[in-house]
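> Let me see the structure of the following:
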Amino acid sequence: MGSSMPPSKLWTNDRTGLVVREVPHSSLEDSLEHSEEELYHSTIIDARDMRRMGKAQELIRNYRLVSMVSFVGLATSAWELALFQATPGIINGGLPILIYGNIWCFIGFFPVVLSLAEMGSMAPIAGAQYHWVSEFAPEKYQKLLSYLTGWTSTLSYQSGNATGFILIGTLIQAIILINNPDYPCPNWQATLVAIAAIVITILANYYGSRLLPRWQNPAFAIHILAYFAFLIPVWRNAPKADSKQVWTDIQNSGGWPSLPLSVMIGQFPAIAAQTTVDPALHMSEEVRNASTSIPKVILFVYIINFVLNLTTVLTLCYHMPSVSDALNDPTTYPAVYVIRQAMSTVWVSVLLAVITALILVASVSYFVAVSRQLYAFSRDKGVPFSHWISMIDKRRKIPTNSYLLSGVISVLLSLIYIGSPPAYYAMTSLSIVALLQCWVFSISCVLWKRIYHPKALPHAQFSLGKWGIPINCLAITFNWWSFFWCFWPLQYPVTASGFNWSSVVFAAVVVLSVIYYLIAGRTRYAEPVASVEGRGTGVSYIEGIAS
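Below you'll find the model as predicted:
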C-alpha cells in the first residue's frame, strides 16, 4: 500500500502478535467492527490467506479441528442417510451392489477427496469451487466458468438442503403409520412438518449461532451412540439373510435391458454417500488454521463416514431375507422393515424418533454450510440482490439474509412434494450431480494450472506434490463417470412419473445462468481472481505480523 494508504484503525492482540488493520472503504466501512476477543480467533496464517484472496474477515473463526470434524460428520448424517437412501441400490443390483458399490466408490472418490483437500489448503475460502475455478482456470475462461460453477454450487446446496427436511416429514409419518396402520400418509402433512423443521432450523441458526460450535461434539457423540442403538438390536434379533444372497445375488428389479446396466444405475446411493465432505470447504472462513485443519477434516470425515456407511449397509443386507417384502414395506423404507423385525413397536418408534431428531439437528448444521455458500457467491455479486443477501449481522456476525432466503427456497421446494413425490425425490440426484460438476470443473482447472503454470499455484500446507497430476486425472475421470450415472431413472420402461427430472432442472439452471450472465452477470460479477491478483480496490484486510 505504501505511503498512499488511507488512514486506518489498528488493534494489536498481545496473545497472538496479530496486528489488524481496517482500511476504509465506502462499501465495507462498517464490516469489520470486531472486538479484540473475536479477532483472536484468526491466526497469522488465516489472516495471510484472507489477505492473499482479497477478502475481509467478516465471520468469526469459532471452530477448531475436532469441532469441525463433529460439525461435518453430524451435518452429513452418514449412517442415517445410508438407511433411508438404500432403495435405488436394492432395486438395481440388489443387496451385493449396496456393499460393493460403497467399496468401489470409496476407492474411486479417494483421489477426488485428496484433490479437494489440497485446494482447500491452497485457498481456504467459503466460496470453494467457484473461487478455485476463477483462480486456476485459463484467463479467458475464468469469469464464465467460475460464474457457472457458482450457480451450480448454489443449486447443489439449496436442493440438498430441501430434501433433508422432507425426510424428516416422511419419517414422522412412518412413526405414525407403524402405530396406526390405517393412517393414509397424505403428502401435504409431510410438507407441513418439513416447513416446521425449516422454521426451527432458521431460528436455531439465528439465535444459537454462537452456541453452535459448542454443542457439535456432544451431538456427534449422540449420533454415534444412536448408531449402536440401531446396530446391536438388529444383529441380535432380526432374521438373517444367507451370505450367498448378500454377496452374490445380483438382481435387476428395475427392468433394465441388461444386468450390468442395472448395476451401474444402482450405484447411486454409494456415490451420494461419498460426497459428504464438501460442507467443510464452505466453512473455511470460520475454522482456525483453516489451511491445515480443513484437509484433515475432509480426510477424517471421509474415512469415518465410509466405515459408518459400510457397516450400515452390511447390517441391512444381512437382515433382509426377503427383498420384496422390504421394498413393499408400508413406510416405503426397507430399513424400517429391517428394524421392525428386531424390535417391538414401541422401541421402533423410539429409535425412529431419535433418528428423526438427529436428522433435524444435522439439518441445523448443514444449513450453516448452505448459508455460507450463498453468502460467499453473493459477496462476489454472483446472484440478483447480492448486496442484501451478503449482508452480515453486525452483532451476531452471521449472514442473516442468506439464512432467510435459503429458508424460503426450501419452503418453496418442499411444496413440490405435495403434487409429485417422484419429482421432489429427483432433487437428491440433482444435488449430487450439481456438486460433481463443481468438483470436476475445479479439479480440472487446478490440473491445467499444475501442468502449464506449476509455479503459479499457491503454497498448500497439504500438497499432493509430484503425485498431483495423476491424482487429479484419476479424480476427474471418476467424477465424470459418477456424474453420468446419477441422471438415470430407477426403472425401465421410463414413464413421466418415474423419470429422473434432475437432468431437466440441471440443464435449465445452466441455461438460465448463462442467460443471466450475458444480461447482467458479466458486468456485475466480481470474479474472485481479480482480488487475488491484486486488481481489487480498497478492500479491507487483516494483516498478520509475528510478534
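
> how about the helices in the stretch 251-400 of the chain?
With DSSP state H, counting those that start in this stretch as the criterion, the stretch 251-400 of the chain has helices at 259-265, 268-273, 278-282, 290-318, 323-327, 334-342, 345-379, 386-389, 400-414.

> among the ones you listed, which is nearest Val514?
Closest to Val514 of the helices of the stretch 251-400 of the chain is helix 345-379 (CB to CB; 15.9 Å). C-beta: built from backbone N, CA, C; applies to glycine.

> What are the contacting residues of stretch 150-161?
Applying CB atoms under 8 Å, 6 or more residues apart in numbering, the external contacts of stretch 150-161 come out as 127-130, 282, 363, 366-367, 369-370, 373-374, 377, 380, 382-383, 406, 409-410, 413, 427-428, 430-432, 434-435, 437-438, 505-506, 509-510, 513.

> circling back: can you tell me which of the helices of the stretch 251-400 of the chain comes nearest to Ile519?
The stretch from the helices of the stretch 251-400 of the chain with the least distance to Ile519 (CB to CB) is helix 386-389; that distance is 14.8 Å.

> which parts of the closest one are buried?
Within helix 386-389, the residues that qualify as buried by neighbour count (16 or more other CB atoms under 10 Å) are 386, 389.

> cool, stretch 319-327 as well?
Counting neighbours by 16+ other CB under 10 Å, one finds that the buried residues in stretch 319-327 are 319-321, 323, 326-327.

> Could you do stretch 129-138 as well?
Neighbour-count burial for stretch 129-138 flags 129-137 (criterion: 16+ other CB under 10 Å).

> Likewise for stretch 423-434?
Along stretch 423-434, these residues count as buried under the neighbour rule (16+ other CB under 10 Å): 423-434.

> can you put those residues in JSON lines and add distance to Met122 and secondary structure?
Formatted as JSON lines, the buried residues of stretch 423-434 follow (distance: CB to CB, whole Å; DSSP: H, G, I helix; E, B strand; the rest coil):
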{"residue": "Ala423", "distance to Met122": "39", "secondary structure": "helix"}
{"residue": "Tyr424", "distance to Met122": "37", "secondary structure": "helix"}
{"residue": "Tyr425", "distance to Met122": "36", "secondary structure": "helix"}
{"residue": "Ala426", "distance to Met122": "34", "secondary structure": "helix"}
{"residue": "Met427", "distance to Met122": "31", "secondary structure": "helix"}
{"residue": "Thr428", "distance to Met122": "31", "secondary structure": "helix"}
{"residue": "Ser429", "distance to Met122": "30", "secondary structure": "helix"}
{"residue": "Leu430", "distance to Met122": "29", "secondary structure": "helix"}
{"residue": "Ser431", "distance to Met122": "25", "secondary structure": "helix"}
{"residue": "Ile432", "distance to Met122": "25", "secondary structure": "helix"}
{"residue": "Val433", "distance to Met122": "25", "secondary structure": "helix"}
{"residue": "Ala434", "distance to Met122": "23", "secondary structure": "helix"}
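
> the longest helix in the chain is where?
Longest helix in the chain, counting residues (DSSP state H): helix 142-179.

> now it against helix 400-414, angle please.
When axes from the mean of the first three to the mean of the last three CA atoms, to 10 degrees is applied, the directions of helix 142-179 and helix 400-414 differ by 60 degrees.

> picking up where we left off before, which of the buried residues of stretch 319-327 sits closest to Leu74?
Of all the buried residues of stretch 319-327, Leu74 sits closest to His319, with 25.9 Å by CB to CB.

> The closest residue to the closest one other than its chain neighbours and Leu177: what is the separation?
When the adjacent residues along the chain are set aside, His319 lies closest to Ala238, with 4.0 Å between them (CB to CB, 6 or more residues apart in numbering). Counting by CB to CB, to the nearest Å, the gap from Ala238 to Leu177 is 20 Å.

> what's the burial count for Leu474?
Burial measure for Leu474: 18 neighbouring residues, criterion other CB atoms under 10 Å.

> right, I mislabeled it, should have said Ile304
Counted by other CB under 10 Å, the residues lying close to Ile304 total 18.

> Does it touch Leu74 like I think?
No. In this structure, Ile304 is not within contact of Leu74 by CB atoms under 8 Å, at 11.1 Å.

> quick one: the helices in the stretch 101-250 of the chain?
Counting by DSSP H, counting those that start in this stretch, the helices of the stretch 101-250 of the chain are 129-136, 142-179, 187-207, 212-237, 243-248.

> For Thr311, which of these is the nearest?
Each of those has some distance to Thr311 by CB to CB; the shortest is helix 212-237, at 7.1 Å.

> how far is that closest one from where the chain is centred?
Going by CA atoms, centre = their mean, to the nearest Å, the spacing between the C-alpha centre of helix 212-237 and its chain's C-alpha centre is 21 Å.

> what does stretch 91-111 give?
Centroid separation for stretch 91-111 versus its chain: 20 Å, with CA atoms, centre = their mean.

> in that stretch, what's buried?
91-102, 105-106, 108-111.

> on that earlier part again, pick the most buried one from the helices of the stretch 251-400 of the chain.
helix 278-282 (a mean of 28; mean count of other CB atoms under 10 Å).

> Give me the distance from that helix to the chain's centre.
On the basis of CA atoms, centre = their mean, helix 278-282 is displaced by 6 Å from the centre of the chain it belongs to.

> Spit out the contact partners of Val370.
Contacts here follow CB under 8 Å, 6+ apart; on that basis Val370 touches 157-158, 160-161, 406.

> between the residues you listed, which is closest to Gln491?
Using CB to CB as the measure, the one of the contacts of Val370 that approaches Gln491 most closely is Gly160, at 23.5 Å.

> How many neighbouring residues does that closest one have?
23.

> mind checking how far it is from Ser429?
Spatial separation of Gly160 from Ser429 under the definition CB to CB is 10 Å.

> same question, Ile392
34 Å.

> for Phe462, same thing?
Here Phe462 is placed at a distance of 31 Å from Ser429 (CB to CB).

> Repeat that for Asn328.
To Ser429, Asn328 is 23 Å away according to CB to CB.

> swap in Ser293?
Per CB to CB, Ser293 is found 31 Å from Ser429.

> which residues sit in contact with the nearest residue to Asn237 once chain neighbours are set aside?
For Asn237, ignoring the flanking residues on the chain, the nearest one in space by CB to CB, 6+ apart is Ala342 at 4.1 Å. Taking CB under 8 Å, 6+ apart as the definition of contact, the neighbours of Ala342 are 233-234, 236-238, 319.
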